[in-house]
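Student: Provided below for reference: sequence and predicted model.
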Amino acid sequence: MTRIAALLALGLATTTASAQDTAAPAVNETFKFARPADQPEAIETSPDGRIAVSVTTDNDGRALWSVSRGGTLIVAPSRLGFLFTDAPKIERQLRIQSVTHAKPVDTTWTQPWGEWRTIRDNHKEMRVRLMETTPLHRVIDVVFRVQDDGIGFRYEVPDQANMHGANIADELTEFSFAEDATAWWKVAFQWNREEYLYQRTPLSAVGTAATPITLKLAGGTHVALHEAALVDYASTAVMKTEGNTLRTVLTPGSGGPKVVKTGSWTTPWRTLLIADDAPGLYMSHLMLNLNEPNKLGDVSWVKPGKFVGVWWNMIKGDWTWARGPRHGATTANVKKYIDFAGANNIQGVLVEGWNVGWDGDWAGNGSAMQFATPTADFDADYLANYAKSKKVSLIGHHETGGAASHYESQFDQAFKFAADHGEHVVKTGYVADAGQIERANPDGSIAREWHEGQWMVNHHLRVVQAAAKYRVGIDAHEPVKDTGLRRTYPNWLAREGSRGMEYNAWPGKNPPEHEANLAFTRMLEGPMDFTPGVLSLTGSDNSPIQSTIAKQLALYVVLYSPVQMAADTPENYAKYPDAFRFIRDVPTDWQDTRVLNGEVGDFVTFARADRNSRDWYLGSITDENPRNVTVTLDFLEPGRTYTAQIYKDGPGATYATEARHAIAFETKRVKKGDTIILSLAPGGGQAIRFKAGR
């Protein structure tokens, strides 16, 4: 795209040829502002020329950014800036001092594990320096990176005479969408952290939303707003203001400023994925590319895999975390799970409630937790050796009960204990209401932090770094959101951060559309420990789960995690041996991923290639509506025949009755280019293993 074409696409150029050929200021007739003639032009386009980003200022000196795609305005001129607790805000009386364009980048890099082995980073970059025209003369840089599938931008602020760091009250960053839209979002800043169902509403009905928030614009374009490389900063939500405008809102801390910075500083990248359809959003690598490369060096010790665990019986209320007659984490119970894992090629066994500290009211009050002290009925040394003899590893569990400083005081002993007992992965937890994390001050007083405030963002990074010293991976529950830091710290394997399977054990279960919502909202962040695979389809008191068995299998392909749980009990898996075969077979580390079709909240089909064989796997799920989905097998390797092992909803299957257990099995030969029809029952799904032949 030429410079003039980009200007026209954004509505920032006049429309006559003579005007385009002169040096007159670029005028936007729709939004009634002009680029001052004495300020440099600030426009960058994507490598393919379809996306164009512009920065200008209005008559009050407000800095405004906007985005178009294919000549259509996506983000109308939107404000930039900051509020501070102890200094004048940065918003008006700004001018563009300079614009620089970096050399275009087109490289590839390899993930040690993930959904794709190879990631392409193809982007262009623009740096816009804004200077106040006030006596303070403060300057901030806004850096834009533009890919063919979206943009990321962040503030980079140098240390300067009138701004040595900052006490940030909030950002004034806006996203003013140029069209009405349908939004899929969940509420932010409520007591239950990120664990709310997604709402589908008009953009005008959005309140304060956690990110990612996914939008389908009136013209059909799909966008998803999130952030990348969240380091030493507060997590961002967005708040609906006027018209179609969303403004960033930073997560509070325990003090006055939401973010405290010293010297020169940067924000996370504010990201906007842009695609023709929902599958296109998922296929973007923008967020990973905006993160720094691996800082840990050799990470060959980071091992993806599946696990079972002493967990579901506690979630249902049959066993307890606390010591007593129904204690789950006993030597005998764990030994049984080790035997089951070893017999079924499952790499890990999660154990919750194994350590001292669970007795009494621990939720939100984890100061009694000891992360290297087993209970008397849990023989850690024996079980570690026994697991090793079965080629199984224990997965430790560090539940903090929200007492984060107390956990930090035990980092070395906790992760040394894990490493000494062959625990390659530790699941962390922060069960406390939002805003109730316990942070100990140097004087011994307690401050209360939010799960995604600046202090907790830094805490989670300290956890990952401490674990890496002992070659331990982290699966965080009640976490800070995923923003692609798994690239920089590859031992950060997975997170929860939304409503997982556990909600199906309790009243108020996840509805059939939930996982189809997750695929194009929460899963745009990164891996989620959803804990699928409850083939019994029953929660507490034998209450029905709103799913079919085939859908439970498909979730292993649809909802990605490098550490996937087989969440049901050995006794229940024994009742469904044919269906369980897929759980045994399905890998957790992928060479390639394709999203074959899908609509947000309705249905989706994924195909993934095993990193360690030539096999492909397919998972397709639907909401409460039955569907027939046609799929062409273009992803298969040409010239090779595959045996399709098909697990599909059986006759009459539906999530709404006992027929949810109906499942059928089929085997047939297929090749690249063949077409298959996936028949999905209400609340159902289909899973296929394409086993490669010659």
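Tutor: Cool, the structure landed. Numbering: from 1, shown residues only.
Student: So for Gly220, what's the nearest residue that isn't a sequence neighbour?
Tutor: Asp276 (7.3 Å; Cβ to Cβ, 6 or more residues apart in numbering). Every C-beta, even on glycine, is put in place using the N, C-alpha and C of the backbone.
Student: and what of Ile437?
Tutor: Distance criterion Cβ to Cβ, 6+ apart; nearest residue to Ile437, sequence neighbours excluded, is Glu449 at 4.1 Å.
Student: So that neighbour is in contact with Val457, correct?
Tutor: No: checked against Cβ atoms under 8 Å, the pair Glu449 and Val457 is beyond contact range at 10.0 Å.
Student: ok, now which ones touch Phe690?
Tutor: For Phe690, the contact set (Cβ atoms under 8 Å, 6 or more residues apart in numbering) comprises Asp615, Trp616, Tyr617, Leu618, Leu633, Leu636, Tyr642, Thr643, Ala644, Gln645, Val670.
Student: for the helix or strand harbouring Leu288, packing partners?
Tutor: Element membership for Leu288, per DSSP states H and E: helix 286-289. Packing partners of helix 286-289 (3 or more Cβ pairs under 8 Å, 6 or more residues apart in numbering; DSSP states H and E): strand 118-132, strand 139-147, strand 150-157, strand 222-228, strand 269-275.
Student: where along the stretch 451-600 of the chain do the helices fall?
Tutor: For the stretch 451-600 of the chain, helices defined by DSSP state H, counting those that start in this stretch occupy the ranges 454-469, 514-519, 549-558, 570-573, 577-585.
Student: To Ala87, which of those lies closest?
Tutor: Smallest distance to Ala87 across the helices of the stretch 451-600 of the chain (Cβ to Cβ): 17.9 Å, for helix 454-469.
Student: Counting neighbours, which bits of that closest one end up buried?
Tutor: Applying a neighbour-count criterion of 16 or more other Cβ atoms under 10 Å, one finds 454-457, 459-461, 463-468 buried in helix 454-469.
Student: Hmm, Arg62 and Thr56 touching each other?
Tutor: No: taking contacts as Cβ under 8 Å, Thr56 lies outside contact range of Arg62: 9.5 Å.
Student: Between the two ends of stretch 184-197, how far is it?
Tutor: This stretch, stretch 184-197, spans 10 Å end to end (Cα to Cα, to the nearest Å).
Student: Same question for stretch 247-259.
Tutor: End-to-end distance of stretch 247-259: 17 Å, with Cα to Cα as the criterion.
Student: Would you indicate which residues of it are buried?
Tutor: Arg247, Thr248, Val249, Leu250, Thr251, Pro252, Gly253, Ser254, Pro257, Lys258, Val259.
Student: Can I get these in CSV including distance to Arg270, pLDDT and secondary structure?
Tutor: Shown next, in CSV, are these (distance: Cβ to Cβ, whole Å; pLDDT from 0 to 100; DSSP: H, G, I helix; E, B strand; the rest coil):
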residue, distance to Arg270, pLDDT, secondary structure
Arg247, 11, 98, strand
Thr248, 7, 98, strand
Val249, 13, 98, strand
Leu250, 12, 98, strand
Thr251, 15, 98, coil
Pro252, 19, 97, coil
Gly253, 20, 95, coil
Ser254, 25, 95, coil
Pro257, 19, 98, coil
Lys258, 16, 98, coil
Val259, 14, 98, strand
